[in-house]
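Engineer: generate coordinates for the sequence data below:
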Amino acid sequence: MVKKNIFAFAVLFVGSAAGAADNFLPQTDVAQAVIGAHPIVAAAEARLAEAEAEARLRKVGEHEFHLNGSYIRRDVRGEGTFGEWDSSISRAVRLPGKAKADRKIGALGIVVAENARDDARHQVALLLKDYWFEWLEASLQVEVDRSATETYRRELKAVERRHELKEAALLDVDDARSALAVSEAGLHKSSARKLEAERAIRAMFPDLVLPLQVPEIQAPKPTEQGFDVWKDRILSRSHELRMAVKAVEQQMALARRTKLDKIADPTVGVRFFSERGGDEQGVGILFSMPFGSSRRSAKTDVQRARVLAAEAQARQTRLMIEEVADRDITRAEAGVRVWQQAAAALEASKKVVARVRRAVEIGERDLTDLLRVLKVHYEVQREEALARLNAQDAITQLKIDSHEIWIATHHDHEE
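Structural biologist: Residues are numbered from 1 along each chain as shown. Now for the predicted structure:
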């Protein structure tokens, strides 16, 4: 178990050369550690251990040796009393082909559980991403609100000084003070949201150490691979899809095993007995075999239905993964374009603010014009920050679903 606070800030955000573009994310080894420590993954690990134990059970089989015995005292009129006993040892024997089928079922069960474990890691990685970006978004909102508050505070000091020099009206002072109050209220609100996000991520991932300073969110870049490449990568590396496919194979193996059970396993053994006080002794061979087809035929039908259900579930899983892939790629591509427009709008807004501020300084415009422009400017700044974050969120989702970050590259499990 990863211990709390063992990861220093320097370790958390020192990215490798390959991951330098994502240094606003937890480093891979840190992310993998907190993902592996999550209860969802721990439960999946336990189910894998269960599958391994189940495979061992199937390998040895259900049949065990049975030892039976009895002792009686018999009174025979005119002959006396005799001690008599008998004992036997027997065991059911798996018919040819059944042991191999059981080993196959056990091995497939392990493969299914391994992929379920890996898919659990994938789901927790997405959970970590969601909580992380929620914290980043709240933190960026605080930064914008703090910048706005500092600007309004400077404007208020400037207009108060101008009022003292009889160069500005009292109404200008009131307008600046009102704008500052509104901005401070917004800062308190965003700060509370950031605190809420921090407490949420610490509750869900207690081993993850948040940095003291919010990392810089870089400008998103268009995805390098094309649509088909990303989609094929997501489908080929999906543990959930592989788990569904292997579950079908497991149900088919169970169906074949059930079909073999139409002929029941015979029980064979040896019996020893002694009668009439030892005057009669002997050794015999035991053999028994259940028969009757109705129950076994019904079990075969049940298993056949389970195969059909597993096949349908596998098709549904593939459709779902394809939909996830299409959505991920579309969101990532659209997110970059949206941010590009927002960034262009922010640059234009900066120029407007500079021109209006200069006009106010030389007396061509009123302070109210500057305050109005600043209000619009900080809304544009929030939109740019949110668009930049949303684009990186979408790209990160795409990378997680394609197993490019935080999750080991997909390898087929040997059966």
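Engineer: name the nearest residue to the residue nearest to the spatial centre of the chain, ignoring sequence neighbours.
Structural biologist: Nearest to the mean C-alpha position of the chain, by CA atoms, centre = their mean, lies Gln123 at 1.0 Å. Closest residue to Gln123 apart from its sequence neighbours, by CB to CB, 6 or more residues apart in numbering: Ile40 at 6.7 Å. Heads up, the C-betas are built off the backbone N, CA and C, glycines and all.
Engineer: correct me, but the one you found touches Val124?
Structural biologist: Yes: the pair Ile40 / Val124 is scored as a contact, 5.3 Å apart, by CB atoms under 8 Å.
Engineer: settle it for me: which of these two has more neighbours?
Structural biologist: Val124 (24 against 13; other CB atoms under 10 Å).
Engineer: surely the more buried one touches Ala37?
Structural biologist: No: at 9.4 Å, Val124 does not count as touching Ala37 under the criterion of CB under 8 Å.
Engineer: still on that earlier bit, separation between the residue nearest to the centre of the chain and Val159?
Structural biologist: 54 Å (CB to CB, to the nearest Å).
Engineer: would you tell me what the next helix or strand after the strand or helix carrying Ala51 is?
Structural biologist: In the assignment (DSSP states H and E), Ala51 maps to helix 39-60. Counting by DSSP H and E, the next helix or strand C-terminal to helix 39-60 is strand 66-76.
Engineer: partners of that next one in the sheet?
Structural biologist: Strand 66-76 has the following sheet partners, assigned by DSSP bridges: strand 80-92 (antiparallel).
Engineer: after the partner strand, next one along is what?
Structural biologist: With DSSP H and E, the next secondary element past strand 80-92 is helix 98-164.
Engineer: and that next one, what other elements does it pack with?
Structural biologist: helix 28-36, helix 39-60, helix 170-204, helix 239-260, helix 367-401 (3 or more CB pairs under 8 Å, 6 or more residues apart in numbering; DSSP states H and E).
Engineer: looking at those helices, which is closest to Lys221?
Structural biologist: helix 367-401 (8.2 Å; CB to CB).
Engineer: hey, which helix or strand in the protein has the poorest pLDDT?
Structural biologist: helix 9-13 (a mean of 32; mean pLDDT, DSSP states H and E).
Engineer: can you put the helices and strands packed on helix 98-164 in CSV and add distance to Gln141?
Structural biologist: CSV is the format used below for these (distance: least, CB to CB, whole Å):
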stretch, distance to Gln141
helix 28-36, 24
helix 39-60, 29
helix 170-204, 4
helix 239-260, 34
helix 367-401, 7
